[in-house]
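1. with the input below, show me the fold.
(one chain, ligands or ions: 1)
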Amino acid sequence: MLIASAGLWRWSQDYRSLLLRINSDRLEWRARASHDDLTGQLNRRYFFDELPVQIKQHQHDFRPAFLFMLDIDHFKTVNDNYGHPVGDRLLELYGKEINGFLRKDDLGFRLGGEEFALVIHDASALTAVEAAERLKNQLGQLSVVDNHNNISRTCSIGIAELQRADDVHSWLKRADQALYRAKDQGRNQVVMSDYAP
Ligand SMILES: Nc1nc2c(ncn2[C@@H]2O[C@H](COP(=O)(O)OP(=O)(O)OP(=O)(O)O)[C@@H](O)[C@H]2O)c(=O)[nH]1
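-> Model (predicted):
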């Protein structure tokens, strides 16, 4: 009897630890499916799944939200001059710095290549631009050391505030246009989109 109950106890412990492992594997798998390995940011697929949800919530609650489109300047020359692994290391540093910048409810995504998107909640237009300027300056100071070379790149940021009539397409388009202007005006700058209904 004693042996049987000891066996049962051990079986229940094994079963419990198996369930815990399955659960933690499931969480890890979900985190991997939604994140970019290199930068630790959320990935492009998650961006297009999540953005409509964010838009609906903000429009329902009348809470302000800003979309930052951020692109590293002349990143191709890092790869061309120093090699792809050095470019990867710079992307990794960018990802870590962006993580440190985001507040609890903000979201950071790598959309691909050297392009990131950030969703910033509950800011005014002025504080959003100030935050973007701060982030731009921090990112521009990051550097990768390779063969005694300090390699760094500035970035450009386009910002669009969420409007009542926005959907994913229109919000993204305005932020993209602002980014394009930042690049066109010489890079290493922040441009806020004008509201164009
Ligand atoms: N190292 C590395 N490079 C990547 C990755 N994904 C994309 N790239 C490179 O990123 C570069 C992007 O170059 P472009 O689109 O010309 O942009 P850019 O040189 O930053 O120029 P501007 O955006 O106009 O300032 C290309 O050389 C891609 O090969 C990656 O995961 N790792």
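
2. quickly list the domain ranges of the chain.
-> The domain map for the chain lists 1-34, 37-192, with the assignment taken from automatic domain parsing.

3. tell me which of these sits most buried.
-> The highest average neighbour count among those, using mean count of other C-beta atoms under 10 Å, belongs to domain 37-192 at a mean of 17. Where C-beta positions appear, they are placed from N, C-alpha and C, glycine not excepted.

4. please see if that domain touches the ligand.
-> Yes - counting by C-beta under 6 Å from any ligand atom, the ligand is contacted by domain 37-192 at 38, 71-76, 79, 84, 87-88, 91, 113-114, 183, 187.

5. report the contact partners of the residue in the chain that the ligand sits nearest to.
-> Closest approach of the chain to the ligand (C-beta to the nearest ligand atom) occurs at Gly87, with a separation of 2.7 Å. By C-beta atoms under 8 Å, 6 or more residues apart in numbering, the contact set of Gly87 is Phe75, Val78, Asn79.

6. Trp11 falls within a helix, correct?
-> Yes - assignment of Trp11 by DSSP: H, G, I helix; E, B strand; the rest coil places it within a helix.

7. and it, what does it touch?
-> Applying C-beta under 8 Å, 6+ apart, no residues qualify as near Trp11.

8. quick check: it vs Ile98, distance?
-> 47 Å (C-beta to C-beta, to the nearest Å).

9. so where's the protein shaky on pLDDT?
-> Along the chain, the model assigns pLDDT under 70 to residues 1-4, 18-19, 22-32, 195-197.

10. apply 90 and report the result again.
-> Applying pLDDT under 90 to the chain flags residues 1-33, 122, 194-197.

11. the helices in it, which residues?
-> With helices called from DSSP state H, the chain shows them at 2-34, 44-61, 76-82, 84-101, 125-140, 168-184.

12. let's have those in TSV, adding distance to Cys155.
-> Compiled in TSV, the helices of the chain are given as follows (distance: least, C-beta to C-beta, whole Å):
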stretch	distance to Cys155
helix 2-34	24
helix 44-61	18
helix 76-82	12
helix 84-101	8
helix 125-140	5
helix 168-184	9
